[in-house]
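Enquirer: For reference, the sequence and a predicted model appear below.
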Amino acid sequence: MELSATDLDYLAAHREDAQAALLTWFAAHARLLPWREARTPYRVWISEIMLQQTQVETVQGYFERFMERFPTLEALAAAPLEAVLKVWEGLGYYSRARALHRAAQTVQERHQGQLPADLDALRALPGIGPYTAGAIASLAFELPVPAVDGNVRRVLARVLALADPRPARLEAAVRAWLPPEKAGAFNEALMELGALVCRPQRPQCAECPWCDLCRARALGQPEAFPLKKPRKTLPHYDVVAAVTVREDHRVLVAQRRPQDMLGGLWEFPGGKREDGETLEAALGRELQEEMGVTLEVGEQMTVVRHAYTHFRITLYAFECRLSAGEPQCLECADFRWAALDELSTLPMAVTDRRIARVVEQRLAPQE
DNA sequence: TTCCGGAGAT
DNA sequence: ATCTCCGGAA
């Protein structure tokens, strides 16, 4: 048993009024979102993958463009990965796009092109973990299963005043209240409540349908649940990138290997500066290692600062010329001398895209 | 500058 | 269990 007898009694005692209050609130306050229209398993799936680690506001535009470009699961499975990454550009966590693409092909092969209405079969697909499996199962197929995302975790931790809400506990709590006939609406309402009312900071308890049965509220400190662990300070790295320009004004870009960070995306080649190394020396060393070429490093073009999950970087981009050697792929998947108007068609991470925009401006033919 | 967030790898 | 993945909003 994952929850205490006290918790289970509490859940059982409030089951009907909790269900009614939440569903009534949701009917009145649900946002009109693209994936809530014309609901199909495919649309639910794409939206749920995009919504992993990403705010609703950010996802909306990406979802619309994705659906326009890949209207069906079949179209997604048939597309080249690079096209999927291009639509994903700027959304972050690019392994989601790679997994999505692989999963679409798996569904074509193993499930006759239809997402399976089965929790375990969904869970077996790349990029679908416990939460996403539950979300697709309940929202798309009305299976009575929990879907505990960060919002639901926060809402339930507060309602039950659980400082350390482990996944199994939270799923047990959802099961205790989940109406079998309205599982999709209930799960979605729970997430919406977390997003709109029971927010991480300054929860709007006065507007909450569960205000009267919330233990954290009764304790007078809803924000104290769930307990957050302190964040570590992130290490910082200086990173260099080469904008290598050829006589014909084309620039050298490389594609990252699939297993590397930002795999499959294009970049201006370079890498981390080592201790005691100048930026110019780091650039020379990296280009020798990655592409087997010797550079003449020119002036600095731009600086980009960016924070990843575990470190921050300051990225220095230098304009360069090739002084010896022909580029080859030593530590990259592919490379290309790209024309200026080609840069915008290649999938890049936000940092390299920022450099690309500077390159387009600086090197554009003068009027 | 800090905060937020699912899945996969280890 | 803990760490690795990103970008935008607050």
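Expert: Arrived safely.

Enquirer: Where does the prediction get shaky in chain A?
Expert: Counting by pLDDT under 70, the low-confidence segments of chain A come to A:1, A:366-367.

Enquirer: Enumerate the residues of it near DNA strand C.
Expert: Within chain A, the positions adjacent to DNA strand C are A:53-55, A:57-58, A:90-95, A:201, A:261-262, A:306-310, A:349-351 by C-beta under 7 Å from any atom of the strand. For the C-beta atoms, the positions are set from N, CA and C on the backbone; glycine is no exception.

Enquirer: Give me the subset of those residues lying in helices.
Expert: Among the residues of chain A next to DNA strand C, the ones falling in helices (DSSP state H) are A:57-58, A:95, A:350-351.

Enquirer: Restrict the residues of chain A next to DNA strand C to the buried ones and give me that as a ChimeraX selection.
Expert: Selection of the buried residues among the residues of chain A next to DNA strand C in ChimeraX, burial being defined by 16 or more other C-beta atoms under 10 Å:
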select /A:91,92,93,94,262,349,351
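
Enquirer: filter the residues of chain A next to DNA strand C down to the ones close to DNA strand B.
Expert: If you filter these for contact with DNA strand B, counting by C-beta under 7 Å from any atom of the strand, you are left with A:53-54, A:92-93, A:95, A:201, A:307, A:309.

Enquirer: How about the residues of the stretch 201-350 of chain A by DNA strand B?
Expert: Within the stretch 201-350 of chain A, the residues that sit near DNA strand B (C-beta under 7 Å from any atom of the strand) are A:201, A:228, A:231, A:307, A:309.

Enquirer: Spatially nearest residue to the fourth one, not counting backbone neighbours?
Expert: In space, and not counting its chain neighbours, residue A:307 is closest to residue A:234: 6.7 Å by C-beta to C-beta, 6 or more residues apart in numbering.

Enquirer: which ones are touching that neighbour?
Expert: A:307, A:310-312 (C-beta atoms under 8 Å, 6 or more residues apart in numbering).

Enquirer: Can you tell me which of those comes closest to residue A:69?
Expert: Each of these was checked against residue A:69 using C-beta to C-beta; the closest is residue A:307, at 29.2 Å.

Enquirer: From residue A:145, how far off is residue A:219?
Expert: With the distance defined as C-beta to C-beta, to the nearest Å, residue A:219 ends up 30 Å from residue A:145.
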